[in-house]
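K.L.:
got a sequence here, can you build the structure:
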Amino acid sequence: MKVLTKNSKAFHDYTIVERFEAGIELRGTEVKSCRSSQIALLDAYAKVIDGELWLLGAHIAPYAQGNQFNHDPKRNRRLLMHRKEIRRLQQAVEAKGMTLIPLTVGLSRGRVKIELGLCRGKAQYDKRQALRRKEHERETRQALRQR
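P.N.:
Model prediction:
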């Protein structure tokens, strides 16, 4: 999958338990905006509503060459998954206090796909610990490179 955009804040704020790939139902000019990486997942999340999976809070910028048929940038978009998978996700979210966060958006065989993460929120000390570990790994790589 060719990655178009990544939700880097999600990797910092959440512990990712499991990953899923879903299709996303888009309108005409939204596909062109996605292909030009004009999508922001910063405050986005997914939710099961009436047995369907929806992406809420994602921003897809209006297409520059679009006309009056351009789309609403903040509209809710339906995600395409098998009913059994949706039911399983809904049970996990309700039972364990987890949430569905979009991690990446990419192209797979010409179709726009979204990677969802079943996530658990991190505490503040976990975030600091992860930053320290990352910084230590970076320093180690630099030291090895200099040798």
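K.L.:
check contacts around residue 66.
P.N.:
29, 32 (C-beta atoms under 8 Å, 6 or more residues apart in numbering). Every C-beta, even on glycine, is put in place using the N, C-alpha and C of the backbone.
K.L.:
and for residue 10?
P.N.:
Counting by C-beta under 8 Å, 6+ apart, residue 10 has contacts 16, 41, 101, 102, 103, 117, 119.
K.L.:
list the buried residues in the helix or strand that contains it.
P.N.:
Using DSSP states H and E, residue 10 maps to helix 8-13. By neighbour count with 16 or more other C-beta atoms under 10 Å, helix 8-13 contains the buried residues 10, 11.
K.L.:
what's the following helix or strand after it?
P.N.:
Beyond helix 8-13 in the direction of the C-terminus, DSSP H and E gives the next helix or strand as strand 14-24.
K.L.:
got a list of contacts for that next one?
P.N.:
1, 10, 53, 55, 77-81, 85, 89, 98-99, 101, 103, 105, 108, 111-122, 126.
K.L.:
follow-up on the earlier one: quick one: the helix holding residue 10 to chain centroid distance?
P.N.:
Relative to the chain's own centre, helix 8-13 is displaced by 10 Å; criterion: C-alpha atoms, centre = their mean, to the nearest Å.
K.L.:
could I get the full set of helices for this structure?
P.N.:
Using DSSP state H, the helices found in the chain span residues 8-13, 28-35, 83-96, 124-146.
K.L.:
for the last one, name the packing helices and strands.
P.N.:
Read it as helix 124-146. Applying 3 or more C-beta pairs under 8 Å, 6 or more residues apart in numbering; DSSP states H and E, one finds that helix 124-146 contacts helix 8-13.
K.L.:
same thing but at 6 Å, please
P.N.:
If you count contacts as 3 or more C-beta pairs under 6 Å, 6 or more residues apart in numbering; DSSP states H and E, helix 124-146 packs onto no helix or strand.
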